[in-house]
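Chemist: fold the stuff below for me.
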Amino acid sequence: MRLRADRLTVERPGASSFTAALKSLHPSTVVDASATVQPLTEDQLALTGCVQADGVHLEARVAASADGTITTCDNGIAVQDTTEAVLILVAATNHTNFRDLSADPATQCETAMQNARAKSYADLKAAHIRDYHALFGRVALGLGTSNAAHHRHPLSSLSPQWRVRQRSCLPACLAFALTTTQPSTWGLNALAMGMICFIRLQGAHLAEDLATTNRTK
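Modeler: Alright, predicted model coming up:
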């Protein structure tokens, strides 16, 4: 199940008009005939289809709310003379796992759309931010910003070789990351690995220089 919410606003009252359409790259996917003559609701359309007849089936629904006029038209929802509009898009398939294609995309879309439209746009945005932070805010890197850490080993006390290595190892790590990066998940992992290698090299060099500095004191 996927859900997306967009809020469109203009400064001048009633100055916005647009049509929200549903399309698919799959040739066997068509906008449900009922969406043109018998819409799901006065402000909601459905797209249904499949990748292949005995394979994955899908459904997507778009709903609009606005302070202007909303009407359904061929393959879309027309919003006219509005100052603020919110579009909610939900999508689902019959895929449960690689052996099970028994899920009902229509039921999933119906439930998701009802739940989404029961909330304000601000609530949907806040939920999205919480979900994002839970996934991408789990790790923090501290680089020693306290005054005590700075005065214990100021950068000026490090040997000149540290600064040379600092400049030389970064291009090598970035070159590794960029030459192995592809537009895929493993490509992003390669980029992250390159940066991790750089950080580890920096840490190793820093520990060596600090040890040298302490021995010479």
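Chemist: where in this protein is pLDDT low?
Modeler: Under the criterion pLDDT under 70, the flagged ranges of the chain are 1, 27-39, 74-75, 143-217.
Chemist: what's the domain layout of it?
Modeler: 2-136, 147-216 (automatic domain parsing).
Chemist: pull up the distance across the longest one, start to finish.
Modeler: What that stands for is domain 2-136. Start-to-end span of domain 2-136 (CA to CA, to the nearest Å) is 19 Å.
Chemist: same deal with stretch 26-42?
Modeler: Start and end residues of stretch 26-42 are separated by 26 Å (CA to CA).
Chemist: swap in stretch 68-85?
Modeler: Terminal residues of stretch 68-85 lie 8 Å apart, using CA to CA.
Chemist: try stretch 97-112
Modeler: End-to-end distance for stretch 97-112, by CA to CA: 20 Å.
Chemist: now do stretch 8-25
Modeler: Separation of the first and last residues of stretch 8-25 by CA to CA is 25 Å.
Chemist: buried residues in that stretch, which are they?
Modeler: Leu8, Ser16, Phe18, Ala20, Leu22 (16 or more other CB atoms under 10 Å). C-betas here are computed from N, CA, C, even on glycine.
Chemist: quick check: closest non-adjacent residue to the first one.
Modeler: Computed as CB to CB, 6 or more residues apart in numbering, the closest residue to Leu8 that is not its neighbour in sequence is Ala85, at 4.8 Å.
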